[in-house]
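**Q** Build me a structure from this.
(one chain, ligands or ions: 1)
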Amino acid sequence: MSATSSPHKFEDAAYTEEWVAYNEKQYPQRAVFIEEFVRTLKLQDGALRVLELGGGAGRLAEAIQQECHVDSYDLLDSSPAMQRLARTRLSSSKVTQLIKADFSDAKWPDLVSSEYDAVVTMQAIHELRNPAAVPLLYGQIATVARPGASVVVCDHLPVEPRHRGLYMPPSAHLAAMAAGGLANAEIIRVSDAMVLVRGEVTAARPDADGLFFWSRA
Ligand SMILES: C[S@@+](CC[C@H](N)C(=O)[O-])C[C@H]1O[C@@H](n2cnc3c(N)ncnc32)[C@H](O)[C@@H]1O
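**A** Predicted structure coming up:
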């Protein structure tokens, strides 16, 4: 499957603000999935160092910080307009660090910390616009997270023909986690045309060549 370009104009502040409001209205089920993120992270012991990829305006970050014991929260996004909204929403947070980076660029791991306890992403993994590239992203995540760290991913499901090659069915999420070297991949929730999956970083690093060839399949 090949990559397609994103139709979003997240470089445009007015578009981004309007899109965030539309997204919240269009997908009220996000609230239930955000609760599932929180529930899943609460199962981990100790204060969490969290990385969120494509964190947008910071809604998930806010909920996780309110409900979980968070030591640091790195919110990575490529859109300065989104980051401005996140900065406002999280203005009282003492643990958030905004990181401007592109998670489709092989060098993004150099711009973040390491030894994360949890890496989360919501409605953003499809922004790779290429499901075949997802295992490679998981392999990169494994280089910045500690063994045993949770990788928790939520995205839309493909329910219309135009979603093919954009959103992934639950089985493809599990396969991508396994191909990306994550262990114990499991589906946490499927409902309302969305899915939440969790995998675990292992001590063994994934084979970079294997991931490269999987991503070209
Ligand atoms: C559909 S929005 C979801 C935002 C947020 N996760 C949420 O659920 O509200 C996708 C987000 O991913 C960001 N994004 C898209 N492609 C990206 C990339 N290659 N690297 C980093 N961020 C990206 C966008 O700027 C946007 O904030």
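
**Q** So which bits of this structure are right by the ligand?
**A** 10, 54-57, 59-60, 77-79, 82, 102-104, 122-124, 127 (CB under 6 Å from any ligand atom). Using the backbone N, CA and C atoms, a C-beta is placed for each residue, glycine as well.

**Q** By residue count, what's the longest strand in this structure?
**A** What stands out as the longest strand in the chain, according to DSSP state E, is strand 145-156.

**Q** Give the pairing partners of that strand; include direction for each.
**A** Neighbouring strands of strand 145-156 in its sheet, by DSSP bridges, are strand 116-122 (parallel), strand 194-200 (antiparallel).

**Q** could you give me the average pLDDT of the last one?
**A** Per-residue pLDDT over strand 194-200 has a mean of 98.

**Q** ok, now stretch 32-47?
**A** pLDDT averaged over stretch 32-47 gives 97.

**Q** List the buried residues in that stretch.
**A** 33, 34, 36, 37, 38, 40, 41 (16 or more other CB atoms under 10 Å).

**Q** Make CSV out of the residues you listed and add secondary structure.
**A** Formatted as CSV, the buried residues of stretch 32-47 follow (DSSP: H, G, I helix; E, B strand; the rest coil):
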residue, secondary structure
33, helix
34, helix
36, helix
37, helix
38, helix
40, helix
41, helix
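
**Q** what two of those residues have the greatest distance between them?
**A** Greatest spacing in these, by CB to CB: 33 and 41 (12.8 Å).
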